[in-house]
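Participant: Quick one: sequence plus predicted model below, questions after.
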Amino acid sequence: MSPTPFARTDVQALHDALVTTGGSPGGIVVCGTSTGQRHTITAGVVAPECGDAPPTEHTAYDAASLTKVIATWPLIGRALDTGLLDLDTPIDTHLAPIAGDAPGADATIRRLLTHTSGLRAETRLDRYRGNPTPLAELLCREPLDEPPGRHRYLNRGFILLGLALTHVHRRSLHELATELWTDLGMPHTTYGPVARGPNVAPTEQRLAGAPRIWGGVHDDNAALLGGVAGHAGAFTTAADLAGYAEHLLDPEHPLHTWLTTSRTPHAPVEPGLDRGLAWLVADDGHMLYHHGWTGTSLYLAPTIGRYITICTNAVYHGPPSPRLAPLRTLARKTLTIT
């Protein structure tokens, strides 16, 4: 079982500390294996608005950028298997025709998945309000920040991937993702917005005296897209993430082959860390992981068949990354040493 009893104690202690120091109202961590063993670590409450009850495996959290690897990435894998997409063809091959100069249209799906496309890092869809031009064309027409090749994490590439999936399937991203999550046995994972309730974790209060975001999508660009986008917008639960991880780690599951392909390093991020296809890849490909800005993470160790999921709403107290760093670092180290 992963992690070891000693490491479990450390995870509980850091999780508790995150709550007691005001880093997050609460959260839930699941440590598990590909064979279905799970150890659940809970801390705090869903949020003060939700009463004194602790979160459970079925509490819904805004996944934020974890959407990239629980929605867009597996859907890309499926589309590659059926020949609807090709990793090394330009994205405009899989979109409606784009008129005029469009530097971003030459980015391949591989470049978009690995964040090496050179597209503009800043994404402000609010600037397109009222523009009748299709969104994919607007994104592709903007000049590149730099030539393709260097890793720069950005959202617009995954927005384009979501639009490409919609185009080649002639179906909405919401429909495609819902079908995927149903097939994977993830009944509580959905695109937002979702109804407010005690089992839905609120996120951020952006204006003093204004209502807190609760059930609405936290990411501004995803919210402008109705809550449904390739880069963000999904809500999920610890139980669904655990089940998803177990599928990915199962050598007999169709997505396991796509995971194996995706763990090949494509671009250096920092010493000891590379970008694979969507996922961050560490320890010479023996670990993959991804984070969500709101306070979520998913760690996979395919060679030993173990995983850790983190679901928190740490963004409740503002930008969460520094406060989450100790717990996230321990999660990575735990899977590395076991």
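Facilitator: Great, that's in hand. Just so you know, these numbers come straight off a predicted model, no measurement behind them. Residues are numbered from 1 along each chain as shown.
Participant: Could you give the bridge partners of H290?
Facilitator: As for beta bridges, H290 partners with L298 under DSSP bridges.
Participant: Spit out the contact partners of it.
Facilitator: By CB atoms under 8 Å, 6 or more residues apart in numbering, the contact set of H290 is 65-66, 68-69, 278-280, 297-298. Quick note: C-beta positions are derived from backbone N, CA and C, even for glycine.
Participant: try T312
Facilitator: Contacts of T312 by CB under 8 Å, 6+ apart are 18, 24, 26-28, 61, 201, 294-296, 320, 324.
Participant: Run through the bridge partners of the nearest residue to V45 once chain neighbours are set aside.
Facilitator: With sequence-adjacent residues excluded and distances taken as CB to CB, 6 or more residues apart in numbering, V45 is closest to G26, at 4.7 Å. Beta-bridge partners for G26, by DSSP bridges, are G44.
Participant: Do I have it right that G26 meets A47?
Facilitator: Yes: with contact defined as CB atoms under 8 Å, G26 and A47 form a contacting pair (7.5 Å).
Participant: These two: who's more crowded?
Facilitator: Counted by other CB atoms under 10 Å, G26 and A47 do not tie: G26 has more neighbours, with 25 against 21.
Participant: Tell me, what's the model's pLDDT at L85?
Facilitator: The model reports L85 with a pLDDT of 97.
Participant: quick one, what contacts the nearest residue to it once chain neighbours are set aside?
Facilitator: Nearest residue to L85, sequence neighbours excluded (CB to CB, 6+ apart): A79, at 4.2 Å. Applying CB under 8 Å, 6+ apart, we find A79 in contact with 85, 165, 168-169.
Participant: Out of the residues you listed, who's the most crowded?
Facilitator: L165 (24 neighbours).
Participant: Tell me which residues touch it, please.
Facilitator: Residues near L165 by CB under 8 Å, 6+ apart: 72, 75-76, 79, 85, 173, 176, 230.
Participant: Kindly provide the distance from the nearest residue to G185 once chain neighbours are set aside to W293.
Facilitator: Nearest in space to G185, with sequence neighbours left out and distances taken as CB to CB, 6+ apart, is G243 at 5.5 Å. Distance, G243 to W293, by CB to CB, to the nearest Å: 23 Å.
Participant: Most widely separated two among the contacts of H290?
Facilitator: The most widely separated members of the contacts of H290 are A278 and S297, with 14.3 Å between them, by CB to CB.
Participant: What are the boundaries of the strands in the protein?
Facilitator: 26-33, 38-44, 61-62, 190-191, 234-236, 267-270, 273-275, 280-282, 287-292, 296-301, 306-312 (DSSP state E).
Participant: winner for burial among these?
Facilitator: Mean neighbours per residue, mean count of other CB atoms under 10 Å, is largest over the strands of the chain for strand 61-62, with a mean of 31.
Participant: Tell me the strands beside it, with direction?
Facilitator: According to DSSP bridges, strand 61-62 forms sheet pairs with strand 234-236 (antiparallel).
Participant: What's the mean pLDDT across the partner strand?
Facilitator: 98.
Participant: Check stretch 164-181 too.
Facilitator: 98.
Participant: Report pLDDT for the residue nearest in space to the middle of the chain.
Facilitator: The centroid of the chain falls nearest to L66 when counting by CA atoms, centre = their mean (1.1 Å). As predicted, L66 sits at a pLDDT of 98.
Participant: So it sits against T236, correct?
Facilitator: Yes: between L66 and T236 a contact is recorded at 7.2 Å, counting by CB under 8 Å.
Participant: so what sits against both of these two?
Facilitator: Residues touching both L66 and T236 (CB under 8 Å, 6+ apart): T296.
Participant: still on that earlier bit, among the contacts of L165, which two are most distant?
Facilitator: Spatial extent of those (CB to CB) is set by the pair L85 and L173 at 14.0 Å.
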